[in-house]
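Colleague: need a structure here:
(one chain, ligands or ions: 1)
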Amino acid sequence: MPYKPQELEPRWQRYWDEHRTFEARELAGRTKFYALDMFPYPSGKGLHVGHPAGYTASDVVSRYRRALGDNVLHPMGYDAFGLPAEQKAIDEGVSPQQSTAEAIENFRRQLKTLGFSYDWSREISTCDPAYYKWTQWIFTKLYEKGLAYQADSFVNWCPALGTVLANDEVIDGKSERGGHPVERKRMTQWMLRITAYADKLLAGLDGIDWPDDTKKRQREWIGRSEGAHVGFSIEGRTETIVVFTTRPDTLWGATYMVLAPEHPLVATITTSAQREAVVAYQKATAARSEVERQTAKQKTGVDTGARAINPVSGEAIPVWISDYVIVGYGTGAIMAVPAHDERDWEFARTMGLPVRAVIDGGNASEAAYTGDGAMIQSGPFDGTRTANGEAVAKVIAWLEDQKLGQRTITYKLRDWTFARQRYWGEPIPILKKDGVPVRALDLSELPLELPPVADYRPTGTGASPLSTVPSFVHVDGFDRETDTMPGSAGSSWYFLRYCDPHNAAAFAARERTDYWMPVDLYVGGREHSVGHLMYARMWQHFLHELGLVRDPEPFQKLRHQGMILGYSYVDGNKQKIHVNDVEERDGAFYRRSTNERLTQRMDKMSKRYGNVVNPDDVVSEYGADALRVYICFMGPLDADKPWQTNGLEGQFNFLKRAWRLFFDGDDRTRVENSAATLEQKRILHKAIKKVTHDIESLDLNTAISALHIATRDLLEQDTRAREILEPLAQLFAPFAPHFAEEVWARSLGKQDGISYVTWPRHDDALATDETISMGVQVGGKTYGSIELAKDADEATAVALAKELPSVQRQLAGKTIVKIIYKAGRILNLIAE
Ligand code: ANZ
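Modeller: Below is the predicted model of the structure:
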């Protein structure tokens, strides 16, 4: 019988379910291993091939770890609250509860057909009241500690979505979902004080094994800057403008000041002559997003007419407003030093403001000089060097001494906007009186369940749809908060719930999280580098401070999977052509209808280009194992890679070939209890060594290559020995688990499944390449010899030969025109 994944895969999936094979157990005396996937948003569209890209890698590692004898926790669940389900409710009238339940049903079915070794008994969903009871409870703890608070502040308001958004949900001034314009609006909002954790979140990065670029993005997002606050008095007034500067050593070069247009002092200090222009400018900038302001090519601004006194020189300098100064950063006011700051230099040039160099070096009439040098025109500090922060430190000490300023640290990190004026989220468990929060609900009052509503649409007034349900809003003389939590709430602690998913008395028992946490391998997309991965770290730090979890950091090791791309085709006018209209001839691509030649590009998968791959179709045609092996083989885990159906076919054919090691044409086992040859042992032990090493380092593509080589060579050797084929089946198991179970049971005749059979160990003497000594000829005469692997390829042999001085002498001034090479036998270089 040929290899038939469609028949055998569902059979093994049932076997695993019935035997509860992958339920995590805390067996004594073993190492624990927690392998976590970023749980999916259960969209109505079902699984995308991008999902298994990461899920396969963590599954390979989980299966490998079980074979090593570890207690493995490998769970799955659903990040189920969010805008799309609600949008569907608005469009189609199906409740989000119902559409989400249906989507989850479909996701679970799809995930099961891919053979992932999840502990399904621990499945969770963030929209389940038994789960969000604890999301709400953690919120009440944050509220009690003053870390959840209401503030009147500028928020990202998206009129089209009818809700505010967190900073990481806004990309280039547009909503991440839907790409709608986002405005800055002053509103009263629930916020989480993530800024209180800025230093802990920075320090925690040092001890965890994460990709460098992800740590860098988190550091930049936190954006810690050391500098000083310096006060500038205003001529003829009592107020002072406090600026934040990282370069107090350039104070003597401050020739003007700039306030953010929204700075509260603007209204007070603007002179009557300038009022009209200032107000007009404020209006114009209010309509622009922060990104637009920061990236504007042309600097704009208006003089307030007020004059400030430079505290070190006593000089009166103009005070302007401009939107290149951000209201929410530092103090929202700067001292401008055009000679040494690029943005100030451009602004000064545009507005004709004076420029004064106070650091030696560069030419202030040509560009801002931002390098190091000696301070000049700076009174008592002339000659002080700026290198290594020396000047900054000395000036700050002096400013503090003179009571002109003080050392300070500023962060780019903003508090986390923690409310949505939408329906499909966790209700915020707060009671209010006259609009003011009075208390959080007690544990006994949780979960506060989401009530049914007649209309899911945003109300447009900024109030959530829950405000239209009087029975929900009014309780015992209080009013409930009607905003809901953002999507990032439920995902900020789900990894803890998996440790103890059915606990009704706590979010998770301390003993359970002590056992399983921290996560040993977390695999997920780069798009979560600053959002989810920052929020989850903050919640973990918070619970750690409360003594509710042991570790401050939740994810010890993190890896990202790249995106699976498709191919798209464009014509001469850069129009995208649907794949159905594309034909491949002689390695080129043509449009069927017009015969126009097309260009192939790697692109996102999209319905528009017809290049979306549905895992269901792949599984029904080639099986889950072929898909898993192909996903591993496509390339390095973290690289973006294009989907190629012939590549998938190649791996399907590989499994068919491997099948022939175990079964003959009549479906009888080929395995014999005969002794293996030395050559067969070498092939096996090399494969064990390489596959083991590559799973440990997550180089799954090269692990598959090693299986390709071993399969080819063992077939060539007509291998039948059990002592070879048993361990070989084990090497296949993490990648092609159904295939491995089938040959384990039916070809090798084993009773119990393969999942917990001890992983084979290689014998180093057998795994190391056998090396031989081989003579090197130039023009048929021998000039020396090289040591190399018996089956080394030509390029390796030639490279080694060229290292021999005797050969180099023969080749001097000549070029090699022909190479005669037979591995292990002859190397002859013909040169002219
Ligand atoms: C004077 C100066 C001179 C500055 C110089 C820089 C160079 P980072 O490093 O990103 O923290 N700044 C302060 N608050 C600002 C705001 N709300 N909007 C826009 N710019 C602001 O940047 C700190 C520097 O950015 C500060 O140091 C300030 O300009 C500016 F040669 O002060 B500096």
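Colleague: tally of neighbours for the residue of the stretch 701-832 of the chain found nearest the ligand?
Modeller: The stretch 701-832 of the chain approaches the ligand most closely through residue 701 (40.1 Å), counting by C-beta to the nearest ligand atom. Quick note: C-beta positions are derived from backbone N, CA and C, even for glycine. Burial of residue 701 is recorded as 17 neighbouring residues (other C-beta atoms under 10 Å).
Colleague: swap in residue 18?
Modeller: Neighbour count of residue 18, defined by other C-beta under 10 Å: 8.
Colleague: check for me that it belongs to a strand.
Modeller: No. Using DSSP: H, G, I helix; E, B strand; the rest coil, the assignment for residue 18 is helix, not a strand.
Colleague: what pairs with the helix or strand hosting residue 231, parallel or antiparallel?
Modeller: If you go by DSSP states H and E, residue 231 is part of strand 225-234. Sheet pairing of strand 225-234 (DSSP bridges) gives strand 240-245 (antiparallel), strand 302-309 (antiparallel), strand 405-410 (antiparallel).
Colleague: what's the closest of the ones you listed to residue 522?
Modeller: Closest approach to residue 522 among the strands paired with strand 225-234 (C-beta to C-beta): strand 405-410, 29.9 Å.
Colleague: and the closest one, which residues are buried?
Modeller: Residues of strand 405-410 classed as buried: 405, 408, 410 (neighbour count, 16 or more other C-beta atoms under 10 Å).
Colleague: before we move on, the earlier item: now the strands paired with strand 225-234 as a markdown table including distance to residue 682?
Modeller: What follows is these, written out as a markdown table (distance: least, C-beta to C-beta, whole Å):
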| stretch | distance to residue 682 |
| --- | --- |
| strand 240-245 | 67 |
| strand 302-309 | 80 |
| strand 405-410 | 61 |
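Colleague: which among those is found nearest to residue 257?
Modeller: strand 302-309 (5.3 Å).
Colleague: that closest one close to the ligand?
Modeller: No. Judged by C-beta under 6 Å from any ligand atom, strand 302-309 stays clear of the ligand, getting no closer than 13.9 Å.
Colleague: one step back: so the residue of the stretch 701-832 of the chain closest to the ligand, which state does it fall into?
Modeller: Going by three-state DSSP: residue 701 is helix.
Colleague: contacting residues around it?
Modeller: Contacts for residue 701 (C-beta atoms under 8 Å, 6 or more residues apart in numbering) come out as 632, 633, 634, 635, 636.
Colleague: same thing but at 10 Å, please
Modeller: Neighbour list for residue 701: 631, 632, 633, 634, 635, 636, 637, 639, 641, 694 [criterion: C-beta atoms under 10 Å, 6 or more residues apart in numbering].
Colleague: for ChimeraX, what selects the buried ones among those?
Modeller: Command for ChimeraX, covering only those of these found buried under the criterion 16+ other C-beta under 10 Å:
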select :631,632,633,634,637,641,694
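Colleague: ok, so of the contacts of residue 701, who is nearest the ligand?
Modeller: Using C-beta to the nearest ligand atom, the contacts of residue 701 come closest to the ligand at residue 639, 32.0 Å.
Colleague: what about the protein, any weak spots by pLDDT?
Modeller: 1 (pLDDT under 70).
Colleague: let's see it at 80
Modeller: 1, 153-155, 167-168, 172-173, 184, 287-296, 460-462, 769-771 (pLDDT under 80).
Colleague: can you name the residues of it that neighbour the ligand?
Modeller: 225, 244-247, 250, 325-326, 329-330, 332, 334-335, 337, 340-341, 410.
Colleague: show me the protein divided up by domain.
Modeller: Here the domain assignment for the chain is 225-410, 571-603, 641-766, 769-831, based on automatic domain parsing.
Colleague: flag every buried residue along stretch 164-172.
Modeller: 164, 165, 166, 167, 168, 169, 170.
Colleague: same check, this time on stretch 87-105
Modeller: Those would be 87, 88, 89, 95, 96, 99, 100, 101, 103, 104, for stretch 87-105 by 16+ other C-beta under 10 Å.
Colleague: which of the residues you listed sits closest to the ligand?
Modeller: residue 87 (35.9 Å).
Colleague: looking at it, the closest one is touching residue 177, isn't it?
Modeller: Yes. The criterion here is C-beta atoms under 10 Å, and residue 87 meets it with residue 177 at 8.9 Å.
Colleague: overlap of the contact sets of those two?
Modeller: residue 161.
Colleague: secondary structure element holding residue 458?
Modeller: Secondary structure (DSSP H and E) places residue 458 outside all helices and strands.
Colleague: what's near enough to touch it?
Modeller: 86, 90, 158-163, 420-423, 464-465.
Colleague: using CSV, please lay out these together with distance to residue 479 and secondary structure.
Modeller: CSV is the format used below for the contacts of residue 458 (distance: C-beta to C-beta, whole Å; DSSP: H, G, I helix; E, B strand; the rest coil):
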residue, distance to residue 479, secondary structure
86, 23, helix
90, 25, helix
158, 25, strand
159, 26, coil
160, 28, coil
161, 25, coil
162, 21, coil
163, 20, strand
420, 18, strand
421, 16, coil
422, 19, coil
423, 18, coil
464, 13, coil
465, 16, helix
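Colleague: filter those residues down to the buried ones.
Modeller: 86, 158, 161, 162, 163, 420, 421, 422, 423, 464, 465.
Colleague: distance of the closest residue to the last one other than its chain neighbours from residue 456?
Modeller: It stands for residue 465. The shortest distance from residue 465 to any residue other than its chain neighbours is 4.4 Å, reached at residue 423 (C-beta to C-beta, 6 or more residues apart in numbering). Here the criterion is C-beta to C-beta, to the nearest Å. By it, residue 423 lies 5 Å from residue 456.
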